[in-house]
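Peer 1: test case, fold it:
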Amino acid sequence: MGPQLVMIVEDDPVARELLRTFLQGAGYAVACAGNGREALDQLRRGGRPAVILLDLKMPVMSGWQFREEQRSDSALSAIPVVVFSGGDDLEAAATTLGAAAYFAKPIDPEELVATVRVLAAP
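Peer 2: Okay, the predicted model is just below:
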């Protein structure tokens with residue numbers, strides 16, 4: 001069995017690459033999407049991540065819209081989601097979205113990897 005898969009849904013390519021680098025360094029396989037629509041398309045084609053890291057503010061389909069569709073899809077709803085954003089009141093947003101955890105930007109990569117480890121544990 002190979003490394004566990006983590007999906008990063010983030011529209012900023014620099015932030016996405018940094019997160020990918022940290023997660024790969026921690027031993028995870030990483031899939032990336034630039035917005036919620038891309039992420040849903042990838043998820044529906046196959047490859048089930050252990051955890052989804054989700055930015056809330058994105059073009060095309062926001063993290064809010066993605067989470068609404070994910071939660072209504074029985075094949076995807078059980079995948080834990082960690083939300084992150086630079087916006088205010090992130091804790092309330094995470095609670096409303098049923099997120100497993102949340103991080104304000106800029107994200108501490110060591111804390112993020114530790115959180116992913118807990119959520120991805122079998």
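Peer 1: give me the beta-bridge partners of the most centrally placed residue in the chain?
Peer 2: Taking C-alpha atoms, centre = their mean as the criterion, Leu53 is the residue nearest the geometric centre of the chain, at 1.4 Å. Counting by DSSP bridges, Leu53 is bridged to Ile8, Val82.
Peer 1: would you agree it is in contact with Pro80?
Peer 2: No. Leu53 lies out of contact with Pro80 (C-beta atoms under 8 Å); the separation is 10.1 Å. Bear in mind the C-beta positions are built from the backbone N, C-alpha and C, glycine included.
Peer 1: hmm, back to that, tell me the confidence at the residue nearest to the centre of the chain?
Peer 2: Leu53 is assigned 97 on the pLDDT scale.
Peer 1: can you list the residues that contact the least confident helix or strand in the chain by mean pLDDT?
Peer 2: Lowest on mean pLDDT, DSSP states H and E among the helices and strands of the chain sits helix 90-97, with a mean of 92. Residues from elsewhere that reach helix 90-97 (C-beta atoms under 8 Å, 6 or more residues apart in numbering): 56, 63-64, 67, 81, 83-85, 87, 99, 101-104.
Peer 1: now for the residues you listed: which two are most distant?
Peer 2: Taking every pair in these and measuring C-beta to C-beta, the maximum separation is 17.5 Å, between Arg67 and Ala104.
Peer 1: separation between Glu68 and Gly36?
Peer 2: For Glu68, the distance to Gly36 (C-beta to C-beta, to the nearest Å) stands at 9 Å.
Peer 1: equivalent analysis for Pro49, please.
Peer 2: Per C-beta to C-beta, Pro49 is found 14 Å from Gly36.
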